[in-house]
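J.: pasting the sequence and the predicted coordinates here, then a few questions.
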Amino acid sequence: MCTVIIRVPAARGEAVHLLAVRDEDPQRAWDPLGARWPELPGVVGVRDARAGGAWLAADPDAGRLAVLLNRADVSRRPEEELVSRGGIALASVAGASPVGEPATHGFNLVEVDGSAARVVTWDGAVLRTTGLAPGTHMIAHDDVDDPGTARIARWLGAFARAALPSSAQWWAPWLEILAGSAALPADDERAIVRDNRPLGYPTLSTLLCVAAVAPGTADVRYAALREPGRWDAVTLA
């Protein structure tokens with residue numbers, strides 16, 4: 001039940017800004033942001049140590065970034081026919097978006113290419129693409145800007161109203177909102193930094209990334225939470 005906040009610029013050539021919070025089982029090891037795939041020179045990402053794929057990946061020289069969020073699906077395929085979703089973000093930043101009927105569980109894939117962004121959704125039956133208009137959007141486990149998702153209904157307006165400075169730490173206002181949201185219990189449906197175990201999932205918020213992506217460039221920063229499911233004053237690097 002990860003969360004992504006993304007601001008798409010009105011003018012071509014300006015940067016897309018993104019904040020992504022990852023929810024995962026803390027017992028599932030990962031490698032921090034870095035160049036983890038020798039077969040994909042120049043690509044950086046957060047690597048799943050078990051399956052080798054990526055939750056978030058970027059090709060800075062190409063100005064591309066992709067981040068994958070899990071989504072419930074209606075597929076009736078047997079589990080033995082399904083493959084890991086870990087290669088989806090890596091394929092995306094290499095220029096290959098999902099097509100057809102992916103042999104995976106459901107997902108929302110946020111794709112940023114230069115100043116443009118979109119979300120590719122697979123629910124196990126239909127693959128569809130939603131282009132993101134200029135402005136601020138939130139994505140979690142359902143549709144883009146879904147008012148039925150409690151955290152989006154509660155916090156999208158605050159992220160949209162926040163003015164992002166042109167300074168190096170442009171993400172500071174968004175992190176202030178994230179810190180404010182942590183006043184909620186981690187299992188509150190409105191929480192962004194989350195503990196999903198009361199909902200029947202073994203996942204908690206473990207890390208976050210911010211990124212500024214423009215044509216030919218992507219600046220991605222990473223920080224892990226000291227305690228999963230609990231906000232602290234992180235330093236993004």
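T.: Happy to help now that I have it.
J.: C-alpha only now, for contacts and for neighbours.
T.: Noted.
J.: biggest helix in the protein by residues?
T.: With secondary structure taken from DSSP state H, the chain has its longest helix at helix 150-161.
J.: so which elements touch it?
T.: Under the contact criterion of 3 or more CA pairs under 8 Å, 6 or more residues apart in numbering; DSSP states H and E, helix 150-161 touches strand 135-139, helix 172-181.
J.: alpha carbons of it, as PDB, please.
T.: The C-alpha coordinates for helix 150-161 follow below in PDB (Å, rounded to 0.1, in the frame of the first residue of the first chain):
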ATOM      1  CA  ALA A 150      -8.700   7.900   2.800                       C
ATOM      2  CA  ARG A 151      -5.200   9.200   2.700                       C
ATOM      3  CA  ILE A 152      -5.700  10.800  -0.600                       C
ATOM      4  CA  ALA A 153      -9.000  12.400   0.500                       C
ATOM      5  CA  ARG A 154      -7.200  13.800   3.600                       C
ATOM      6  CA  TRP A 155      -3.900  14.900   2.200                       C
ATOM      7  CA  LEU A 156      -4.000  15.600  -1.500                       C
ATOM      8  CA  GLY A 157      -5.200  19.200  -1.000                       C
ATOM      9  CA  ALA A 158      -2.300  19.900   1.400                       C
ATOM     10  CA  PHE A 159       0.300  18.600  -1.000                       C
ATOM     11  CA  ALA A 160      -1.300  20.600  -3.900                       C
ATOM     12  CA  ARG A 161      -1.300  23.800  -1.900                       C
END
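J.: ok, now which ones touch Y222?
T.: Residues in contact with Y222, defined by CA atoms under 8 Å, 6 or more residues apart in numbering, are 32-33, 207-210, 236-237.
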